Each structure stands twice: as structure tokens, then as C-alpha cells.
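Chemist: fold the stuff below for me.
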Amino acid sequence: MGIITRTRNAFRAFTRAFSGYDVTGGSGRWPTQYMLPSPISQQLAAGRLASRKIAHQSENNALVASIIQHAVTAIIADGPTVRSAHPDAQIAAQLQRAWNNFFQDCSVEGGMALGGYLSRVARGFYVDGESFTQLVTDPATMRLKLRLLTADQVDSAKTIPSLGMTGDLPMIVAGVEFDRDGRRVAFWVLPTPPDAPWASVAPPVRISAFDICHVFEPRFPGVPRGISPLTPVAPLAMQLDTAVDAAVMKLKTTCLVAMVVRDIEGNLPLDAATDPASLHLEPGATLRLPQGCDVQFPPTSEMSTVSEVLSHIERLICSSAGVPSFMATGDFGAINYSAGKLGLATFQRRVKAIQQNHIIAQLLTPMWDRLVLLEVLSGRMRAPDYESNPERYSASFLFTGWPAIDELKKAKADTLAVAAKLRSRQEIISEGGRDPADVDAEIENDPFAADDLSANAGAIASQNEQETNDA
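Modeler: Alright, predicted model coming up:
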């Protein structure tokens, strides 16, 4: 082993010497541990520890709690609406009714709407870096129910490497089972959460991947588990707490008035009036000191730049977390309209990416497929083309849209875009999280709807800003 180690070190030294790049460590600026030589193994080793630390910060650090709250609210809001892709209006309406019933009571615990359940999923995504949902069939009603599993319930200690020497046995990594082709086939789940009171000591149970929805962001190819997106900012958030505590303590210390009385000649006579134990300052008090005494006040340090340092740290944390700092800190006075709109647009793109890539693709789509399957197998819906045309039984999900900063300008822009045939009504309505068919039905049934609404809208869109302000 000694020869191998010396050979390896010599090769690394040779590589650094002739690479010509500073990142190899030849200059000595790069610390030895400043690298990720094994991203998958290192993430698996740090994932559970990171989730525990960030869980503590989510309950005790004001900025981290605000970041998670704003991110979860933006991603989920009150839950998505669904649009069935089936061309038959009757079947589409039946699927819509089944979804509405499921939406109102989706959890095995009962009494929870889908919006609240998805908020717990999104919170787990930020705290643990992943969330597990078990699709359960209620034996009494043959309807879909959801069971939220903690990240610790999927046994991260369950690892059995195949290495090509176990025959047909699959490979298990951190509680996730893979087949020979690398597909996820099962999860090894503990019966109860390990931190629950009187938790079960039974070994993990194998549950098919067909019944588990794993919401996570695979940062590296082949990584089986997730890690919190707040991991890079967790140490800085802890330092922010320390800095705030130190600043508060400094303010308290600065508010104290301290005085040091010295006798330069060393002949200070002590009596009742000049006893150091009896000397104290009071409003309006006059202290008579003997001759030769000197009075000094301890210096107080400057604090004019503390707020700038704290604000800079807050901006770094929020930027890495993907949440605008003015939202997380509530400091809307530090930005103008253009900066706020730009920051909000970037945040909206990040939210939409999480909705489409993780919430919809990894959870809502399998959930919808299971709901449709149960409707067919239970006999509640006749679907003769379910196997031959499965694409007809797919669906699209619409999340609640973002409110416009200036609703009048937004309405004008949408009206002009539709008139110029640059956008469609369906696209604009879908951005608001509503089904265009529902909007058209409401307009048709509205007794106050007029035929000249389009003309009125065009007239409003053609008004200039001065006319609008005068009105």
C-alpha cells in the first residue's frame, strides 16, 4: 500500500507540474479538500446530515423560513387544475368529477386537500431535497389515496452492490433498487418514520416503484437520492444568525454608559463619597472626585457598515436559493419597479421549472394515471380504448398564475397580442391557471355578458396613458 500511495502522489505531483492550470493545485492556492472527486458518493453521505441541519434552520432561522415559505407558496399556491385530453366530452367530464373528488380529500389521514398535500411535498423538496409519496388504493372504495413518506423512511442504509457477481439480484443503493438496465424498480421503506414516538424496529419493506413517486432533482447522472437545494447557503445562513446576534449584543453594549475613575498619583482617599463601590451615574447626578483623579470612558466601535454587510449576506443567500431578496426579507423599499419586475421574472422561471420538471412529471402525472386506472378497473367508467389509445387518457395541469403588477397594462398587452394574432386566448387563460373551456362556459352563462365586449376591450387598449390617468 505504501508503494501504491507514493506512486499515486508522484503522479499527481507530475500532473500538477505540467498541467499549466492553477486548478490542479500547483500554486498552492487551492485547498486539498476543495473538490468533489466522487459527487454521487459524497452527496449520499452528506444528504441526510444536510437535511437535519436545514430542518433546524427552517424552524429557527428567519430568513431560511421565509425563503421556504415563499418558494412553497409560489410553486403550489392552492393547487393545480387539470384538463383531460380525452376527445369525448362525457368521458372528460367524468374524469374531471373523479379528480375533483380526489382533490378535496386525497390523503390517507383524511381531511386534507391536494393543495395542502402538495405544499408538504414542496417543503420536503426544499428541506430534505426529496419527497416520497406512496400511491395507496382504499380497499373500501377502490379510490386513490396518498401517503406522504419522510425521507428517512426510505432506508438510506440499505445498500447492496451488485458488481456483476450476484447473478440476477438487483443493485440497491441508499434504499433505491435498480434492475440490470438501471431502471428504478423498487424502494425499501421502513414501516414508520424512525423519529416517530414508539417507532417500529421492523426491517424495511420492499415497495414497487410503480407505487412510489419520488420528487427530487438529480444533480449528477446516476444519483439515486436528492439533496436540499439550500445546502450551499446553510453555512452562510448560520453565519448570518451569528452576525445578527453579535450586532444586537453590540447595540446593547453601546447603550451602556461605563466610566473608569483613576487616581494618577495613587493617593485617592476613600470615604463614603468616593468609595468606588458607591460611585454610580444617575440622570442629573454630580460626582465630586478628589484632586488628581482622571475619568475615562471605554471607546465604542463603529457600526455604520453593519447593515450593509448583513444585507449583502442576505442577498447572497436569497440569490443562491432562487428567491428574490426583496421577497424573503420584505425590503421592498430597496428596489425600483424595473428591478423588482426583473427579479420576479427570474423567480417565476425557476418556479415554473420546478412545477413542470418535478411536481408534474414526477408526481402529478403518475397520480393521474393511477386515478384513471382505478376508475376503469372499478367499473365506474367504461373505457374500451384505454389500452389501444392511452394518450387519450392523459392530462395537463395548470397552476395558479401570477398576479399582474399593473393589471391595466397587462390587460392592454394581452388584448393587443390577441388582436395581432401573436398569442391565443387559450394561452393567456391557461397562464392564469384556469381551463379555457370553463371560462368560455362561464361567459356563455353570464347574463350580463354583451356582444360588444371585444369592441370595448379594443377601445380600452387603444387609450393612451394620459387618457387612462385622467379617467
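Chemist: for the stretch 301-450 of the chain, what spans make up the strands?
Modeler: Counting by DSSP state E, counting those that start in this stretch, the stretch 301-450 of the chain has strands at residues 395-398.
Chemist: what about it, any weak spots by pLDDT?
Modeler: By pLDDT under 70, the weakly predicted segments of the stretch 301-450 of the chain are 301-302, 447-450.
Chemist: change it to 90
Modeler: 301-312, 330-345, 382-390, 398-450 (pLDDT under 90).
Chemist: now swap in the stretch 101-250 of the chain and tell me
Modeler: Along the stretch 101-250 of the chain, segments meeting pLDDT under 90 span 109-112, 140, 160-171, 179-182, 195-202, 222, 243-250.
Chemist: change it to 70
Modeler: 163-168.
Chemist: which stretches in it count as helices?
Modeler: Counting by DSSP state H, counting those that start in this stretch, the stretch 101-250 of the chain has these helices, from start to end: 114-127, 234-255.
Chemist: what about the strand or helix carrying Trp99, distance to the chain center?
Modeler: Element membership for Trp99 (DSSP states H and E) is helix 89-104. Relative to the chain's own centre, helix 89-104 is displaced by 30 Å; criterion: Cα atoms, centre = their mean, to the nearest Å.
Chemist: OK, contacts around the nearest residue to Pro224 once chain neighbours are set aside?
Modeler: Using Cβ to Cβ, 6 or more residues apart in numbering and skipping residues adjacent in sequence, the residue nearest Pro224 is Val176, 4.1 Å away. Every C-beta, even on glycine, is put in place using the N, C-alpha and C of the backbone. Shown in contact with Val176 (Cβ atoms under 8 Å, 6 or more residues apart in numbering): Val154, Arg184, Phe187, Trp188, His214, Pro224, Arg225.
Chemist: Cys106 too?
Modeler: Contacts of Cys106 (Cβ under 8 Å, 6+ apart): Met112, Ala113, Leu114, Tyr117, Leu144, Lys145, Leu146.
Chemist: what about the closest residue to the fifth one other than its chain neighbours, distance to Ala92?
Modeler: Same thing as Leu144. Excluding the flanking residues, the one nearest Leu144 by Cβ to Cβ, 6+ apart is Leu371, at 4.9 Å. For Leu371, the distance to Ala92 (Cβ to Cβ, to the nearest Å) stands at 14 Å.
Chemist: which strand in this structure runs the most residues?
Modeler: strand 130-137 (DSSP state E).
Chemist: partners of that strand, with directions?
Modeler: Here strand 130-137 is paired, per DSSP bridges, with strand 144-149 (antiparallel), strand 212-216 (antiparallel).
Chemist: just give me how far that strand sits from the chain centre.
Modeler: 19 Å.
Chemist: quick one: it to helix 114-127, angle?
Modeler: 150 degrees (axes from the mean of the first three to the mean of the last three Cα atoms, to 10 degrees).
Chemist: just the CA trace of strand 130-137, in CSV.
Modeler: In CSV, the C-alpha atoms belonging to strand 130-137 read as follows (Å, rounded to 0.1, in the frame of the first residue of the first chain):
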residue,chain,number,x,y,z
GLU,A,130,-36.6,14.9,-2.0
SER,A,131,-40.1,13.8,-1.2
PHE,A,132,-41.7,10.3,-1.4
THR,A,133,-45.4,9.7,-2.0
GLN,A,134,-47.0,6.2,-1.8
LEU,A,135,-50.0,5.6,-4.0
VAL,A,136,-52.5,3.7,-1.9
THR,A,137,-55.8,2.1,-3.1
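Chemist: what is the neighbour count of the closest residue to Glu431 other than its chain neighbours?
Modeler: Distances taken as Cβ to Cβ, 6+ apart place Gly401 nearest to Glu431, at 4.9 Å, with adjacent residues excluded. Gly401: 15 surrounding residues under other Cβ atoms under 10 Å.
Chemist: which residues sit in contact with Gly401?
Modeler: Gly401 is in contact with Glu431, Gly432, Gly433, counting by Cβ under 8 Å, 6+ apart.
Chemist: just the buried subset of those, please.
Modeler: The neighbour-count test (16 or more other Cβ atoms under 10 Å) marks Gly433 as buried among the contacts of Gly401.
Chemist: let me know the closest of the contacts of Gly401 to Glu407.
Modeler: Gly432 (11.7 Å; Cβ to Cβ).
Chemist: do I have it right that Ile212 meets Phe187?
Modeler: Yes: between Ile212 and Phe187 there is a contact at 4.8 Å, judged by Cβ atoms under 8 Å.
Chemist: run through who's touching the helix holding Trp99.
Modeler: Helix 89-104 is contacted by residues 79, 82, 84, 86, 113-115, 143-144, 368, 371-372, 375, 380-381, 383, 393, 395 when judged by Cβ under 8 Å, 6+ apart.
Chemist: the spatially most central residue of the chain: what's it in contact with?
Modeler: Geometric centre of the chain, nearest residue: Tyr126, 3.8 Å, by Cα atoms, centre = their mean. Neighbour list for Tyr126: Ile54, Ser58, Ile67, Ile68, Ala71, Val72, Ser228, Pro229, Leu230 [criterion: Cβ under 8 Å, 6+ apart].
Chemist: sounds good, over and out.
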